[in-house]
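A.B. asks: Pasting the sequence and the predicted coordinates here, then a few questions.
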Amino acid sequence: MILLAWKCWHDQHDDTKAMKFSHTPNIFTTALAEKLRSHPKRIVFTEGEDLRILHVAEHLVAEECVIPILLGDRDRIRAMAAENDVSLQFVNVLDPSKSRELSRFAEMFERSSRARGVEMDHAAAQEIMARPAYFGAMMAQYGLVDGVIGGNQSLPASLFRALLQTIKPLPDVPRVFSAMILVAQHLQHFGRDGVLFLADCGLITEPDSKQLASMAIETGKLARHYLGGRPQVALLSHSTKGSAMTPAAQKVAAATALAQVTAQEQFLEIDIDGELQADVALDPRASEVKLPDRKVRHSADVLVFPNLDAAHISLKLLQHCAGVQNYGQIIMGLARPAAQIPRTASEETIYGTALTVGYEAIKFHQLYPEGEV
């Protein structure tokens, strides 16, 4: 009924003035929006008292691809929308501190905390659950929404903490990490079609070989889901195939071997290689020079970095100096789709991240039709 009413409203408002939010369509977001129109998903934004979020929510409704839920002070959000002529039609605004679900969520959080060895009374649990990040994560965990996005007004750690304490981890991922999706059709050697996946850009400071292997597998599966074809995953290093026999390079080589075995055992349609220098991974001409006996290769679709410093610095340089559009961070290894967006996020980044989380929710419902991992 909600979707039918939504459709009717949209048809009646086709000739109204254009939405204030505008973006430049690209190969990535255009495809996602089209797929989500057939399967709209409920996405909760944990920090809804933000004009960027209001503009994006309005646009998502107009595109009929996401049903937005905004958390925060209801009166404040409605006043902000009115002052800026933003429609909240079919946008649900919810104040966690006044929600009927607050007490039930607090009880659930008490039980899960007790299972982790942390004792707390109901009042303390309710105070935590009234925080939007925790409330939104709990909504995702128990199926009231299909995905959660936050971080646009807070430090990353506050959202990560809420997600890790509330949403179940996937049993076959040794540690939760994050991946970024970058689009730059104006750059050479940037994936096959101008889309590149980076991991880990936000969580694990110094991953070990097992964690690096898991990043390669999970981000490779993520790329396979979006790109459709067989992605090329490169585990990066300062060394290419033993050109520098340092402990850091050997760790990446070990991770590559482990990831390749895992991909073969699970019959995954992913090509994995490492340890590789960045030019070898991205530029076929460099690959021909440094790996002359190798088959012709295209630019990697996925880059797995050896540590957080390398990943995060590369991300910021690409974003701020090379004009690359970023979406995410997509939180990998959780049982529900989630993303952390930076405080500096543009409306385009928020929009594309919402589409990404929604598309991940489609995959989740296909893999786990009963809702349990």
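C.D. replies: Ah, there it is.
A.B. asks: Which parts of the protein belong to which domain?
C.D. replies: Per automatic domain parsing, the structural domains of the chain span 25-168+334-366, 177-321.
A.B. asks: so which of those gets nearest G328?
C.D. replies: domain 177-321 (4.4 Å; CB to CB). For glycine as for every other residue, the C-beta is placed from the backbone atoms N, C-alpha and C.
A.B. asks: Give me the phi and psi for L71.
C.D. replies: L71 adopts backbone torsions of phi -100, psi 140, taken as degrees, to the nearest 10.
A.B. asks: What residues does E107 make contact with?
C.D. replies: 122, 125 (CB atoms under 8 Å, 6 or more residues apart in numbering).
A.B. asks: So what's the gap between the longest helix seen in the chain and the chain middle?
C.D. replies: As assigned by DSSP state H, the longest helix anywhere in the chain is helix 347-367. The chain centroid and the centroid of helix 347-367 are separated by 7 Å under CA atoms, centre = their mean, to the nearest Å.
A.B. asks: Adding distance to Y327 and mean pLDDT, write the domains of the chain out as a markdown table.
C.D. replies: A markdown table is the format used below for the domains of the chain (distance: least, CB to CB, whole Å; pLDDT from 0 to 100):
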| stretch | distance to Y327 | mean pLDDT |
| --- | --- | --- |
| domain 25-168+334-366 | 4 | 94 |
| domain 177-321 | 4 | 94 |
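A.B. asks: residue ranges for the strands of the stretch 101-250 of the chain, please.
C.D. replies: Under the criterion DSSP state E, counting those that start in this stretch, strands of the stretch 101-250 of the chain are mapped to 147-150, 177-183, 195-199, 232-236.
A.B. asks: Just the C-alphas of the shortest one, formatted as CSV.
C.D. replies: Taking Å, rounded to 0.1, in the frame of the first residue of the first chain, the C-alpha atoms of strand 147-150 are listed here in CSV:
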residue,chain,number,x,y,z
GLY,A,147,20.0,-0.9,5.8
VAL,A,148,21.6,1.9,7.8
ILE,A,149,23.7,5.0,7.0
GLY,A,150,25.4,7.4,9.4
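A.B. asks: What segments of the stretch 251-373 of the chain are strands?
C.D. replies: Applying DSSP E, counting those that start in this stretch to the stretch 251-373 of the chain gives strands spanning 271-276, 302-304, 325-332, 338-340.
A.B. asks: Select, out of these, the one closest to E101.
C.D. replies: Across these (criterion: CB to CB), the nearest stretch is strand 338-340, sitting at 18.4 Å.
A.B. asks: My guess is L318 contacts V324. True?
C.D. replies: Yes: under the criterion of CB atoms under 8 Å, L318 makes contact with V324 at 4.3 Å.
A.B. asks: Quick check: neighbours shared by the two?
C.D. replies: In contact with both L318 and V324: 182, 184, using CB under 8 Å, 6+ apart.
A.B. asks: Can you pull up the most central residue in the protein?
C.D. replies: For the chain, the residue sitting closest to the mean C-alpha position, by CA atoms, centre = their mean, is I330 at 1.7 Å.
A.B. asks: any idea how far D293 is from that residue?
C.D. replies: Separation of I330 from D293 (CB to CB, to the nearest Å): 36 Å.
A.B. asks: coming back round to it: now distance to S113 too, for the strands of the stretch 251-373 of the chain, in a markdown table please.
C.D. replies: Output for these, formatted as a markdown table (distance: least, CB to CB, whole Å):
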| stretch | distance to S113 |
| --- | --- |
| strand 271-276 | 38 |
| strand 302-304 | 33 |
| strand 325-332 | 20 |
| strand 338-340 | 19 |
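A.B. asks: Let me know which of those strands is the nearest to R114.
C.D. replies: strand 338-340 (23.4 Å).
A.B. asks: who's in contact with that closest one?
C.D. replies: 137, 140, 147-151, 156, 159-160, 163, 167, 178, 202, 328-331, 353, 356-357.
A.B. asks: So what would you say the end-to-end distance of stretch 316-333 is?
C.D. replies: From its first residue to its last, stretch 316-333 covers 23 Å (CA to CA, to the nearest Å).
A.B. asks: For it, buried residues please.
C.D. replies: The neighbour-count check on stretch 316-333 (16 or more other CB atoms under 10 Å) flags 318-319, 324-333 as buried.
A.B. asks: Same question for stretch 53-60.
C.D. replies: Buried residues in stretch 53-60, counting neighbours by 16+ other CB under 10 Å, are found at 53-60.
A.B. asks: What's the local residue count around Y359?
C.D. replies: 22 (other CB atoms under 10 Å).
A.B. asks: ok, the residue nearest to it when sequence neighbours are not counted to L198 distance?
C.D. replies: Using CB to CB, 6 or more residues apart in numbering and skipping residues adjacent in sequence, the residue nearest Y359 is L32, 5.0 Å away. Per CB to CB, L32 is found 18 Å from L198.
A.B. asks: who's more crowded, the two?
C.D. replies: A direct count of neighbours by other CB under 10 Å for L32 and L198 places L198 higher, at 24 against 19.
A.B. asks: follow-up on the earlier one: output the longest helix of the chain as CSV, nothing but the C-alphas.
C.D. replies: This file holds the C-alpha atoms of helix 347-367, laid out as CSV (Å, rounded to 0.1, in the frame of the first residue of the first chain):
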residue,chain,number,x,y,z
GLU,A,347,25.0,15.2,-1.4
GLU,A,348,26.2,13.1,-4.3
THR,A,349,28.2,10.8,-2.0
ILE,A,350,25.2,10.4,0.3
TYR,A,351,22.9,9.7,-2.6
GLY,A,352,25.2,7.0,-4.1
THR,A,353,25.9,5.5,-0.8
ALA,A,354,22.1,5.1,-0.1
LEU,A,355,21.7,3.4,-3.5
THR,A,356,24.7,1.1,-2.7
VAL,A,357,23.2,0.1,0.7
GLY,A,358,19.9,-0.5,-0.9
TYR,A,359,21.4,-2.7,-3.6
GLU,A,360,23.3,-4.6,-0.9
ALA,A,361,19.9,-5.2,0.8
ILE,A,362,18.6,-6.8,-2.4
LYS,A,363,21.5,-9.3,-2.3
PHE,A,364,20.9,-9.9,1.5
HIS,A,365,17.3,-10.8,0.9
GLN,A,366,18.2,-13.1,-1.9
LEU,A,367,20.8,-14.9,0.2
